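Participant: When you get a sec, could you give me coordinates for this:
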Amino acid sequence: MLAKVLNINPDRIAVTELFGAIPSSAKTSEYVRMLKAIEENAHIRALVVDIDCPGGGAGASEYLYRAITKVKAKKPVVAFIRGTGASGGYMAGCAATKVIAAPMSIVGSIGVISMRPMLYELLSKIGVRMEVTKSGRLKDMFSNFREPTQEEQVKEQALLDSFYDRFVEIVSEARSMPPERVRELATGEIYTAVQAKANGLIDDLGDLDAAIDLAQSLAGLPERKVTYARPRRSLRDRLLSNTAASFAGTIAHSIEGPLLERRVEYR
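Facilitator: Residues are numbered from 1 along each chain as shown. A predicted model of the protein is given here:
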């Protein structure tokens, strides 16, 4: 009775941010753990995911999609695209019950890309030769130090096609859209929010307040009470300022990804 009188744990709406590229590191796991806590918290009656994200690693993107889908199974989720909801960022957003986008935002880029720098000509010019010893004919098929063979190109394309098919399947299920129609839209291009709404990729246009109001309505809450949720910050993020941490994260993502290994990305 005392808790009820003092309203110590009022039901509320959680708002969390998905800003920047989706990492494939421990930061994604921290975000998923936060979503799990929101899913299990009975006092959080709805979730708003505030998105400004160009995408990221294929596996990490689907990891977030699945985590948001689990929250949606227990309480309403509204995705708000404030600037960019592209590729893996759109995948995460379309897991929501409803998707709202700011009128000037961009949406879509449904597709898959794989990139790596080819270094063998540069190394040859400076007198460096890479020697590889392997077991398994295709063990080094993503090597930066030689041209891919025709067999490797065929296998890589098949791999990307399988990721693409999965992306199409996810959007088809999430947006209740025939796969054939999704494929027509899944050219890798981006759409304005107005175009995205016309094509069924989002539900409506609006701002963050509209997204919160919709979450409140879907949850049947009599009052608009909001709490902001963020993943636990890493030691690096705690030591650095927000701006420096963001810059360091971008540099780290660039070095750890395209420069050192083959990455398959929804971007």
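Participant: Please enumerate the helices of the stretch 1-150 of the chain.
Facilitator: In the stretch 1-150 of the chain, the helices defined using DSSP state H, counting those that start in this stretch lie at 2-6, 26-40, 58-72, 88-93, 120-125, 150-174.
Participant: Can you tell me which of the ones you listed is most buried?
Facilitator: helix 88-93 (a mean of 30; mean count of other Cβ atoms under 10 Å). For glycine as for every other residue, the C-beta is placed from the backbone atoms N, C-alpha and C.
Participant: coming back round to it: distance to residue 82 and mean pLDDT for the helices of the stretch 1-150 of the chain - can I get that in a markdown table?
Facilitator: Output for those, formatted as a markdown table (distance: least, Cβ to Cβ, whole Å; pLDDT from 0 to 100):
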| stretch | distance to residue 82 | mean pLDDT |
| --- | --- | --- |
| helix 2-6 | 35 | 38 |
| helix 26-40 | 17 | 91 |
| helix 58-72 | 17 | 95 |
| helix 88-93 | 11 | 96 |
| helix 120-125 | 40 | 76 |
| helix 150-174 | 20 | 92 |
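Participant: can you put those helices in a markdown table and add distance to residue 144?
Facilitator: Output for the helices of the stretch 1-150 of the chain, formatted as a markdown table (distance: least, Cβ to Cβ, whole Å):
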| stretch | distance to residue 144 |
| --- | --- |
| helix 2-6 | 60 |
| helix 26-40 | 25 |
| helix 58-72 | 20 |
| helix 88-93 | 24 |
| helix 120-125 | 7 |
| helix 150-174 | 13 |
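Participant: so which of those helices gets nearest residue 196?
Facilitator: helix 88-93 (8.8 Å; Cβ to Cβ).
Participant: Which elements pack onto that closest one?
Facilitator: Helix 88-93 is packed against strand 12-19, strand 44-53, strand 56-57, helix 58-72, strand 77-86, helix 150-174, strand 263-266, with contacts defined by 3 or more Cβ pairs under 8 Å, 6 or more residues apart in numbering; DSSP states H and E.
Participant: And the contacts of it?
Facilitator: Defining contact as Cβ atoms under 8 Å, 6 or more residues apart in numbering, one finds that helix 88-93 is touched by 18, 22, 49, 51-58, 60-62, 64-65, 68, 79, 81, 85, 99, 107-110, 167, 170-171, 201, 265-267.
Participant: could you redo the last one with a cut-off of 7 Å?
Facilitator: 18, 22, 49, 51, 53-56, 61-62, 64-65, 68, 79, 81, 85, 99, 107-110, 167, 170, 266-267 (Cβ atoms under 7 Å, 6 or more residues apart in numbering).
Participant: the helices in the stretch 151-267 of the chain, which residues?
Facilitator: 179-185, 193-198, 208-219, 235-239, 242-254.
Participant: Mean pLDDT lowest where, among these?
Facilitator: When the helices of the stretch 151-267 of the chain are ranked by mean pLDDT, helix 242-254 comes last with a mean of 50.
Participant: which non-adjacent residue is nearest residue 45?
Facilitator: Leaving aside its chain neighbours, residue 45 sits nearest to residue 219 (4.1 Å; criterion: Cβ to Cβ, 6 or more residues apart in numbering).
Participant: residue contacts, residue 21?
Facilitator: Taking Cβ under 7 Å, 6+ apart, we find residue 21 in contact with 53, 54, 55, 56, 253.
Participant: I'd guessed the residue nearest to residue 45 sits against residue 46; true?
Facilitator: Yes: Residue 219 lies in contact with residue 46 (Cβ atoms under 7 Å); the separation is 3.9 Å.
Participant: quick one: which of the two has more around it?
Facilitator: Taking other Cβ atoms under 10 Å, residue 219 and residue 46 do not tie; residue 46 has more neighbours (26 against 17).
Participant: Correct me if wrong: the more buried one contacts residue 218.
Facilitator: Yes: using Cβ under 7 Å, residue 46 is in contact with residue 218, at 6.2 Å.
Participant: where do the contact lists of the two overlap?
Facilitator: With Cβ under 7 Å, 6+ apart, residue 46 and residue 218 have common neighbours residue 76.
Participant: Read off the pLDDT value for residue 10.
Facilitator: Residue-level pLDDT assigned to residue 10 equals 83.
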